[in-house]
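1. got a sequence here, can you model it:
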Amino acid sequence: MARAHRLIARAARLWWAIRRPRTLGVRALVLDGAERVALVKHTYRSYWYLPGGGVKKSESFAVALAREVREEIGLEDVRLERVLGVYRSAAEGKDDHVVVFVARTAEPTAAIRAADALEIEAARWFALDALPEDISPASARRIGEYRRGEVGVGDW
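-> Numbering: from 1, shown residues only. Below is the predicted model:
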């Protein structure tokens with residue numbers, strides 16, 4: 001199934017390169033009571049990422065974020081603290097605008113899991129000072145901005 005997802009992702013990137021659509025997305029820097037960050041590894045990508053995804057039509061950023069967190073790491077109840085930043089990415093051939101939120105688990109020791117096995121290969125908590133070596137560069141930058149108390153803006 002991972003192979004099918006990789007092929008679909010390649011086809012989507014080709015379509016985006018031709019059409020150049022404008023898209024909206026959300027990501028969450030989800031923290032637990034021990035100040036660990038939740039990261040996911042997709043079945044169709046190599047790196048660890050902050051959980052998140054696309055915003056559907058007629059969906060607010062907050063609703064999209066709650067849906068993506070539930071779908072990717074199985075958390076039903078997270079509290080949004082603030083917007084970390086708003087970023088633009090043209091890496092996949094689309095004009096993608098991503099809002100990154102800082103969120104906290106309602107339970108200090110909440111368990112997370114790869115909630116959608118077709119899309120998510122793994123979901124784990126990581127200490128902020130012990131991130132995996134294969135974290136996506138953009139996710140590492142967002143976590144660095146959070147740790148430095150910065151508000152991010154600009155390119156992904």
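2. test my guess that Val153 contacts Gly85.
-> Yes - Val153 lies in contact with Gly85 (Cβ atoms under 8 Å); the separation is 5.4 Å. No exception for glycine: its C-beta is placed from N, CA and C like everyone else's.
3. which residue of the two possesses the greater neighbour count?
-> Shown here are Val153 and Gly85; by other Cβ atoms under 10 Å, Gly85 has more neighbours (22 against 11).
4. tell me the SS of that one?
-> strand (DSSP: H, G, I helix; E, B strand; the rest coil).
5. which SSE is immediately downstream of the helix or strand of the chain at the bottom of the mean pLDDT ranking?
-> Taking mean pLDDT, DSSP states H and E as the measure, the chain has helix 2-19 as its least confident helix or strand, at a mean of 68. Proceeding N to C from helix 2-19, the next assigned helix or strand is strand 22-31, under DSSP states H and E.
6. now that following strand: buried residues?
-> By 16 or more other Cβ atoms under 10 Å, the buried positions in strand 22-31 come out as Gly25, Val26, Arg27, Ala28, Leu29, Val30, Leu31.
7. surely the last one meets Val102?
-> Yes - under the contact definition of Cβ under 8 Å, Leu31 touches Val102, with a separation of 7.2 Å.
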